[in-house]
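Engineer: coords please:
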Amino acid sequence: MLKLNASFSKKVPIPGQEYSSQGYSATIESELPDGLTQKQLEARISDTFELVRDSVEKEITGNPVNVPMTPAVPIPVTQVPVAPAPIAQQPAAAQNVAASPKQIKYLLDLARQGNIQLADYFQQLGISDPSQLSRKNCSNLIDQLSGKKAA
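Structural biologist: Coordinates of the predicted model:
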C-alpha cells in the first residue's frame, strides 16, 4: 500500500491592511492501491495535487477554477481540504487592531536612523507609547518617516 499526501498553501494580501496577509491551505491524504503502473501513479499524483490546488484557489476567489477536477482514478480521501473562509470585509473594529511588534520595530528603526523623536507624533495621536499604536497609524507613520507620504 502506498500513501499519497498532497498539500497546497498560498498567502494573499488582506485588502486595505498593510503588512498583513491571509493564509489558505489544504491537504489530502489518500491510499493508493498496489500494482499501479508508473503512468497511473503519475496521473494520481497530478490529479490529487490539482484537486488540492484548485480547492484553495476556489476558496480564495469564491469561484470554481476552470480546470476539470475529475481524476483519472477515484481518490479515496481520508482527510478533507480545510481552509479558512476568505475575509469579505474588515469590520470597523479592525481599524483599531494593534500594530504588530514587527511594524513597531520597523517604525522605531526608521526613527532611530533618521534621528527623529516620535513623542510629538504620539502626542498628536493621543498615545504615550508605541505599543498603543494601531496598525493603520503605525503604517501611516512608517510612510511619513520613509518619505512615501507627505506628513
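Engineer: could you measure from the nearest residue to N5 once chain neighbours are set aside over to A6?
Structural biologist: Spatial nearest neighbour of N5, chain neighbours left out: E29 (5.0 Å); criterion: C-beta to C-beta, 6 or more residues apart in numbering. (C-beta placed from N, C-alpha, C; glycine too.) In this structure, E29 and A6 are 8 Å apart, going by C-beta to C-beta, to the nearest Å.
Engineer: looking at the two, which one has more neighbours?
Structural biologist: Taking neighbours as other C-beta atoms under 10 Å, E29 and A6 compare with A6 leading, 21 against 14.
Engineer: so the more buried one sits right up against F49, yeah?
Structural biologist: Yes - contact criterion C-beta atoms under 8 Å: A6 and F49 qualify, at 4.6 Å.
Engineer: just how off-centre is the lowest-mean-pLDDT helix or strand in the chain within its chain?
Structural biologist: Ranked by mean pLDDT, DSSP states H and E, the weakest helix or strand in the chain is helix 119-125, scoring a mean of 83. Between the centre of helix 119-125 and the centre of its host chain there is 32 Å, according to C-alpha atoms, centre = their mean, to the nearest Å.
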